[in-house]
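Student: What follows is a protein structure lacking sequence information:
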C-alpha cells in the first residue's frame, strides 16, 4: 500500500503465535484494502495522528491517540484511512492462525495463507 510503512516488532523477538507491527500512514494513505479475516483476529492501538476506521458497508469512526479497535475472525471487513495532514502511527497486533482466508468485498481479490506464504487470486480462482 502506497504511503504505508510497517515495522515488524514481534519478529525481532521470535514471536510465532502473533505478530506486532508499528505502522505509519502518510496523509491520504490507507492501512490495507477493505478486508476481513476468516481465522485471524486483529487489534490496533493509535499512537499518533488522526485515523478513520471504515467498517462493514462504509460505517466510519474517527480514532485519535489512545483509541483502539479489535476485529474478531469472521467479523465485518475493515481498514484505516489517514485523511489528516500529518502522519498517523498505530500498533497492529494479529494472530498467525494457519489456513486464514482473507476476503476483499470491494476488490476482485482473494487471499489464502498457506505454509509457503500468502497465495493471491481473483475471486473466481484465477491467479494473478
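Tutor: Okay, I see it. Nothing here was measured: the structure is a model prediction, and the numbers come from that model. Residues are numbered from 1 along each chain as shown.
Student: Give the residue farthest from the middle of the protein.
Tutor: residue 126 (23.7 Å; C-alpha atoms, centre = their mean).
Student: what phi and what psi does the backbone show at it?
Tutor: When read as degrees, to the nearest 10, the backbone of residue 126 gives phi -70, psi 130.
Student: Could you measure from it over to residue 65?
Tutor: Using C-beta to C-beta, to the nearest Å, residue 126 is found at 42 Å from residue 65. Where C-beta positions appear, they are placed from N, C-alpha and C, glycine not excepted.
Student: ditto for residue 121
Tutor: 38 Å.
Student: which residues of the chain score low on pLDDT?
Tutor: In the predicted model of the chain, no residue satisfies pLDDT under 70.
Student: now the strands for this structure?
Tutor: Using DSSP state E, the strands of the chain run over 4-8, 18-25, 36-37, 42-48, 51-55, 59-63, 68-71, 78-81, 88-95, 101-103, 110-114, 117-121.
Student: Please tell me I have it right and residue 91 contacts residue 45.
Tutor: Yes: in this structure residue 91 lies within contact range of residue 45 using C-beta atoms under 8 Å: 4.5 Å.
Student: can you redo the strands of the chain as JSON lines with mean neighbour count?
Tutor: Shown next, in JSON lines, are the strands of the chain (neighbours: other C-beta atoms under 10 Å):
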{"stretch": "strand 4-8", "mean neighbour count": "13"}
{"stretch": "strand 18-25", "mean neighbour count": "18"}
{"stretch": "strand 36-37", "mean neighbour count": "22"}
{"stretch": "strand 42-48", "mean neighbour count": "17"}
{"stretch": "strand 51-55", "mean neighbour count": "19"}
{"stretch": "strand 59-63", "mean neighbour count": "12"}
{"stretch": "strand 68-71", "mean neighbour count": "15"}
{"stretch": "strand 78-81", "mean neighbour count": "20"}
{"stretch": "strand 88-95", "mean neighbour count": "19"}
{"stretch": "strand 101-103", "mean neighbour count": "16"}
{"stretch": "strand 110-114", "mean neighbour count": "15"}
{"stretch": "strand 117-121", "mean neighbour count": "11"}
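Student: wait, isn't residue 32 in contact with residue 6?
Tutor: No: using C-beta under 8 Å, residue 32 is not in contact with residue 6, being 10.3 Å away.
Student: Right, I'll leave it there.
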